[in-house]
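**Q** Dropping the sequence and predicted coords here.
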Amino acid sequence: MLGGVWLRTWIQAAAALSNMGMFLADMSSDSFQLKGMATRGMLPELFAKRSPYGTPLVGILFSASGVILLSWMSFQEIVAAENFLYCFGMIMEFIAFVKLRIDHPAESRPYKIPLGTVGSIIMCIQPTLLILVVLAFASFKVMVISMVAIMIGFVLEPCLRYSDRKRWFKYSIIADHHEYHSAYQ
């Protein structure tokens, strides 16, 4: 009201451009994550190919298709589904943390929590319970959509391994990523 129509218009235009920029940055980040997975042999090599401009085109197309699939949901449902999946991912990280403590207790780590296996399990119980409470408050639609996404992930991983064994797609680890391999040797 103080600045008039012109100021409102400029602020709305700036907000729209800012949101578009953040959206494109997020899509770019997702596509480069897919490219990184392909360079480490977790996805077909097709995802590691870049356009003449250096962008991972296949990853951008997959990221955009995910956005199109979510476009029928409301913004609140998308945020709730993202939070649901994030919470599920945190529980998986807690499980991986405890499993690594049990399977490889003497492994050299850059950071180490000074607790034994039992202490590590006890440490993970409280946040896991809190996460389960958050998951329980999700709407039925968000739970179904999130569970479908989780099931797709659980089915996709063995399918990718099978396609690698059958040589349906080319998988390779690109040699110029020596820092990744040397860090774990």
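**A** Looks like it came in fine. Numbering: from 1, shown residues only.
**Q** Next, the buried residues of the biggest helix by length in the chain.
**A** With secondary structure taken from DSSP state H, the chain has its longest helix at helix 5-39. Within helix 5-39, the residues that count as buried by 16 or more other C-beta atoms under 10 Å are Met27, Asp30, Ser31, Leu34, Lys35, Gly36, Met37, Ala38, Thr39. C-beta here means a position set from N, CA and C on the backbone, and glycine is covered the same way.
**Q** same deal with stretch 90-99?
**A** Buried residues in stretch 90-99, counting neighbours by 16+ other C-beta under 10 Å, are found at Met90, Phe94, Val98.
**Q** average model confidence for it?
**A** When pLDDT is averaged over stretch 90-99, the result is 92.
**Q** Use 13 as the first number from now on
**A** Fine by me, first position is 13 from now on; the one you just mentioned is stretch 102-111.
**Q** Figure out how far that stretch is from the centre of its chain.
**A** Computed by C-alpha atoms, centre = their mean, to the nearest Å, the separation of stretch 102-111 from the middle of its chain amounts to 15 Å.
**Q** contacts for it?
**A** With contact meaning C-beta atoms under 8 Å, 6 or more residues apart in numbering, stretch 102-111 is reached by Thr129, Ser132, Ile133, Cys136, Pro139, Thr140, Ile143, Leu144.
**Q** Nearest spatial neighbour of the third one, chain-adjacent residues omitted?
**A** Leaving aside its sequence neighbours, Ile133 sits nearest to Val110 (C-beta to C-beta, 6 or more residues apart in numbering; 5.6 Å).
**Q** What of the second one?
**A** Distances taken as C-beta to C-beta, 6+ apart place Arg113 nearest to Ser132, at 5.1 Å, with adjacent residues excluded.
**Q** Tell me the secondary structure at that neighbour.
**A** Three-state call for Arg113 (DSSP: H, G, I helix; E, B strand; the rest coil): helix.
**Q** Where do the domain boundaries of this structure fall?
**A** For the chain, the TED database gives the domain ranges 21-84, 86-180.
**Q** Quick one: end-to-end distance for the shortest one.
**A** In terms of C-alpha to C-alpha, to the nearest Å, the two terminal residues of domain 21-84 are separated by 28 Å.
**Q** Over to the last one?
**A** Using C-alpha to C-alpha, the end-to-end distance of domain 86-180 comes out at 38 Å.
**Q** Low-confidence stretches in this structure?
**A** Within the chain, the ranges that satisfy pLDDT under 70 run 13, 186-197.
**Q** how many neighbours does Arg177 have?
**A** 9 (other C-beta atoms under 10 Å).
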